[in-house]
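K.L.:
With the input below, show me the fold.
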Amino acid sequence: MLRTLAFWGLALATGLIFAASPDGRKIGERTARKLVEEALVATGKRVPSSQIRPIAFYWSPEFYNFEAVLGQSEGLPALRYAFSVNPWNGEVWSIMECTRVTSPAIEKEQDAIWKRSGLPAEAREPLHEKRPGTCAADDD
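P.N.:
Got it, this is the predicted structure:
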């Protein structure tokens with residue numbers, strides 16, 4: 001009986017820890033890709049959505065990272081754009097410029113992400129401060 005109670009107590013505590021974890025409140029890759037598509041529009045870059053692909057960016061593995069490639073034409077090299085998306089709040093970063101990319105459409109989606117997350121208001125600022133690993137705090 002005592003072992004059973006201990007087991008259920010441990011199971012309940014473990015469940016509460018996982019339920020409270022912000023990992024369960026992250027956006028998915030599809031939403032991150034949509035935000036990158038909006039970032040390309042906001043920055044005036046015309047790249048077909050079929051040319052946006054996930055990449056491994058070792059300096060920010062906790063972010064969703066994408067590369068948008070505007071293919072070669074007439075012997076010119078391809079143009080490449082790289083973005084990181086914060087999985088907790090949907091902030092989009094241009095990796096090469098170390099700047100946040102925003103627009104009214106991106107802000108609208110970010111507000112929806114925040115509402116769906118259920119995270120407390122005091123979590124907003126620490127999550128806002130997260131940035132890709134190559135971008136220092138004074139790059140803003």
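
K.L.:
hey, let's count contacts and neighbours off CA atoms from now on
P.N.:
Will do.

K.L.:
Stretch 63-83: end-to-end distance?
P.N.:
The straight-line separation of the ends of stretch 63-83 (C-alpha to C-alpha, to the nearest Å) is 10 Å.

K.L.:
quick one: low-confidence parts of the protein?
P.N.:
Across the chain, the ranges flagged by pLDDT under 70 are 1-24, 72-77, 138-140.

K.L.:
Let's see that with 50 instead.
P.N.:
4-22, 139 (pLDDT under 50).

K.L.:
could you pull out the strands for it?
P.N.:
Ranges of strands in the chain, per DSSP state E, are 52-54, 64-70, 79-85, 92-94, 99-101.

K.L.:
and these, which is most packed in?
P.N.:
Looking across the strands of the chain with neighbours counted as mean count of other C-alpha atoms under 10 Å, the highest average goes to strand 92-94: a mean of 24.

K.L.:
what lines up beside that strand in the sheet?
P.N.:
In the sheet, strand 92-94 lines up against strand 79-85 (antiparallel), strand 99-101 (antiparallel) (DSSP bridges).

K.L.:
Switch the strands of the chain over to TSV; also include distance to residue 114.
P.N.:
Formatted as TSV, the strands of the chain follow (distance: least, C-alpha to C-alpha, whole Å):
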stretch	distance to residue 114
strand 52-54	23
strand 64-70	17
strand 79-85	14
strand 92-94	14
strand 99-101	17
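
K.L.:
Which of these sits closest to residue 118?
P.N.:
With C-alpha to C-alpha as the criterion, residue 118 lies closest to strand 79-85 of the strands of the chain, at 19.1 Å.

K.L.:
which outside residues touch that closest one?
P.N.:
The set of residues external to strand 79-85 that reach it, using C-alpha atoms under 8 Å, 6 or more residues apart in numbering, is 32, 35-36, 60, 63-72, 91-96, 132.

K.L.:
next one: stretch 98-118
P.N.:
Applying C-alpha under 8 Å, 6+ apart, the set of residues contacting stretch 98-118 from outside is 25-27, 35, 38-39, 42-43, 88-94, 132, 134-135, 139-140.
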